[in-house]
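Colleague: Structure, please.
(chains A and B)
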Amino acid sequence: MRLEYFQMLDRIVALDVAGRAVRSVCSVPRESTVFEGHFPSYPLMPGVLLIECMAQTTGWLASALCGFARMPIMAGVKEGKFRTLVFPGDELEFEGTILHEGSGYSVGECTGRRKGAVVCDAQITFRIMPYPSPDFRQAMLQWAERLQLPVKELVK
Amino acid sequence: MSSTFDKVAEIIAETCDIPRENIKPESHAINDLEIDSLDFLDVAFAIDKAFGIKLPLEQWTQEVNDGKATTDQYFVLKNLSDRIDELIAAKGA
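Modeller: You can find the predicted model right below:
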């Protein structure tokens, strides 16, 4: 997890396009400027960043489902819940699914866990939009490869 | 159409927190009910789920942008209900 770059996930460990399911893992860094403010002497992973973890997990699935032809942009979050505190050094796992692929939008849900116990969950709506440029799309494909997504198999 | 309209009106009332009595067949979702594009995504999701269809929002938007259709054709609720009925019929054909 590179908090300052908003690269929340370390790896996609399972992707099931037919089953519309994805699983990712990440380690919350032990040190970050984020924790200097949130909070001094009591560092906590901000809930908004857990939302981002869930959005990126489910977003990569949405990208895979459309063969990286277009990109998901988070448009809404419902039922976002943070069930326990998350600390620096925690190892997290996220399981996401796409509930519905509409015309120009998708709705997914995701659950985050630490050692099997749920720490957060949410339903997330994405607009599915064209990439702003070919270079941007290429950068996203490279990012997906770093996460070990099987990009060559997925790209349409 | 009436049962479809009733279901659509229920969805809009619940999703957008609009009093049911303010939602009429001749209401325009955007111009009259002031449903914005994000809320309309929630409405579309609920309609897709309720009727087992996929509203072709992107196609409709393109047609409006190209001047081939008006927003009234898709977003006045009695017309939207007719489009939904057509999609349901096409699915069953």
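Colleague: Tell me which residue is most central in the chain.
Modeller: No chain in the question, so chain A it is. residue A:56 (2.0 Å; C-alpha atoms, centre = their mean).
Colleague: wrong one, I was asking about chain B
Modeller: Closest-to-mean residue, chain B, C-alpha atoms, centre = their mean: residue B:80 / 4.4 Å.
Colleague: if we can go back for a sec, just the pLDDT at the residue lying closest to the residue nearest to the centre of chain A once chain neighbours are set aside, thanks.
Modeller: The shortest distance from residue A:56 to any non-neighbouring residue, by C-beta to C-beta, 6 or more residues apart in numbering or on different chains, is to residue A:8 (5.0 Å). Placement of C-beta: from N, CA and C, glycine included. Turning to residue A:8, the model gives it a pLDDT of 97.
Colleague: okay, now residue A:8: neighbour count?
Modeller: 22 (other C-beta atoms under 10 Å in any protein chain shown).
Colleague: returning to what we had before: can I assume the residue nearest to the centre of chain B is in contact with residue B:86?
Modeller: No. Shown here, residue B:80 and residue B:86 do not form a contact pair, counting by C-beta atoms under 8 Å, at 10.6 Å.
Colleague: May I have the secondary structure class of residue B:46?
Modeller: Classification of residue B:46 by DSSP: H, G, I helix; E, B strand; the rest coil places it in helix.
Colleague: just residue A:25 next, same as before
Modeller: Applying three-state DSSP: residue A:25 is strand.
Colleague: That one and residue B:5, how far apart?
Modeller: Plainly put, residue A:25 is 47 Å away from residue B:5 if you go by C-beta to C-beta, to the nearest Å.
Colleague: again with residue A:99
Modeller: 26 Å.
Colleague: residues contacting residue A:61?
Modeller: Residues counted as contacts of residue A:61 (C-beta atoms under 8 Å, 6 or more residues apart in numbering or on different chains) are A:15, A:20, A:21, A:22, A:96, A:97, A:98, A:108.
Colleague: can you do 7 Å?
Modeller: A:15, A:20, A:22, A:96, A:98, A:108 (C-beta atoms under 7 Å, 6 or more residues apart in numbering or on different chains).
Colleague: Show me which of the residues you listed are buried.
Modeller: A:15, A:20, A:22, A:96, A:98, A:108 (16 or more other C-beta atoms under 10 Å in any protein chain shown).
Colleague: Which helix or strand contains the last one?
Modeller: In this case it means residue A:108. Residue A:108 is located in strand A:105-114, with elements delineated by DSSP states H and E.
Colleague: What is that strand packed up against?
Modeller: helix A:47-65, strand A:91-101, strand A:117-129, helix B:37-51 (3 or more C-beta pairs under 7 Å, 6 or more residues apart in numbering or on different chains; DSSP states H and E).
Colleague: who in chain B is up against chain A?
Modeller: When proximity is defined as C-beta under 7 Å from any C-beta of the partner chain, chain B approaches chain A at B:38, B:41, B:44, B:45, B:48, B:49, B:54, B:55, B:56, B:57, B:58.
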